[in-house]
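[1] Pasting the sequence and the predicted model now:
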Amino acid sequence: MDQQKLRSLVFEKTGVKIDIDDPVFALVALNEAVLEDAVQRHVALIDAASQELAQQARLAGGVAAQAPSHKSAHDASNEIAPDHPPGYVPTPAAGPVRPIATQSPAVTPRELRLLGAAAGIALLSALIVLSGQAAFRKPAPALTAEQAQALQNADKMEKALQKLDPKLRAQLPVELQK
């Protein structure tokens with residue numbers, strides 16, 4: 001860890017100047033130590049799992065029983081005495097390995113059922129709303145005999161106005177406003 005680099009990076013990003021003796025560097029060192037420990041544990045777990053997988057493949061006939069001779073010293077040491085975490089129990093080979101599904105169908109049966117249920121609920125809701133409107137709707141008020149007669153007279157007047165001379169038709173609105 002280059003403290004000068006970290007100081008300049010912090011200053012560039014935040015504008016805050018920190019000293020080399022600042023306690024934040026102790027936290028950085030602690031973070032590095034914890035991260036290194038976690039990485040080592042995960043590497044050990046991955047090595048153990050890959051060795052177990054190779055062993056299962058050999059047992060299933062997928063890989064040649066004899067290991068290649070170009071292994072590194074690290075791989076060879078792991079084969080002799082693998083670094084298993086405490087409480088690690090390898091999984092026994094259970095016959096041929098099944099292929100893993102890499103693609104799923106566009107719409108699963110569960111999604112189809114959910115879509116069907118949603119469509120049914122939408123239709124039911126629409127029916128409830130429409131029946132409520134029909135039940136509580138007030139009927140249009142009926143016209144009285146006088147109102148019906150006035151509408152008929154208005155239609156007759158409109159037809160008669162269309163038959164008038166255009167000059168006379170233009171003067172009529174002026175005369176009606178007086």
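    Noted; the coordinates are in hand.
[2] remind me which residues of the chain are low pLDDT?
    1, 62-103 (pLDDT under 70).
[3] residue ranges of the helices in it, please?
    3-14, 24-60, 73-80, 109-136, 145-162, 166-177 (DSSP state H).
[4] list the buried ones in the fifth one?
    This means helix 145-162. For helix 145-162, the neighbour count (16 or more other C-beta atoms under 10 Å) marks no residue as buried. For every residue, glycine as well, the C-beta is placed using N, CA and C.
[5] Need the residues that contact that helix.
    143, 169, 172 (C-beta atoms under 8 Å, 6 or more residues apart in numbering).
[6] Would you map out the domains in the chain?
    3-80, 110-137+146-177 (automatic domain parsing).
[7] gap between the longest one and the chain center?
    It refers to domain 3-80. Distance of domain 3-80 from its chain centroid, counting by C-alpha atoms, centre = their mean, to the nearest Å, is 32 Å.
[8] swap in the last one?
    With C-alpha atoms, centre = their mean as the basis, the distance from the averaged C-alpha position of domain 110-137+146-177 to the chain average is 45 Å.
[9] about what we covered before: for the contacts of helix 145-162, could you give me JSON lines that also reports neighbour count and distance to A118?
    Formatted as JSON lines, those follow (neighbours: other C-beta atoms under 10 Å; distance: C-beta to C-beta, whole Å):
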{"residue": "L143", "neighbour count": "11", "distance to A118": "46"}
{"residue": "R169", "neighbour count": "12", "distance to A118": "60"}
{"residue": "L172", "neighbour count": "12", "distance to A118": "61"}
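[10] Mean neighbour count, the domains of the chain: which tops it?
    domain 3-80 (a mean of 11; mean count of other C-beta atoms under 10 Å).
[11] could you dump the contacts of helix 145-162 to JSON lines with distance to Q149?
    Below are those laid out as JSON lines (distance: C-beta to C-beta, whole Å):
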{"residue": "L143", "distance to Q149": "9"}
{"residue": "R169", "distance to Q149": "25"}
{"residue": "L172", "distance to Q149": "23"}
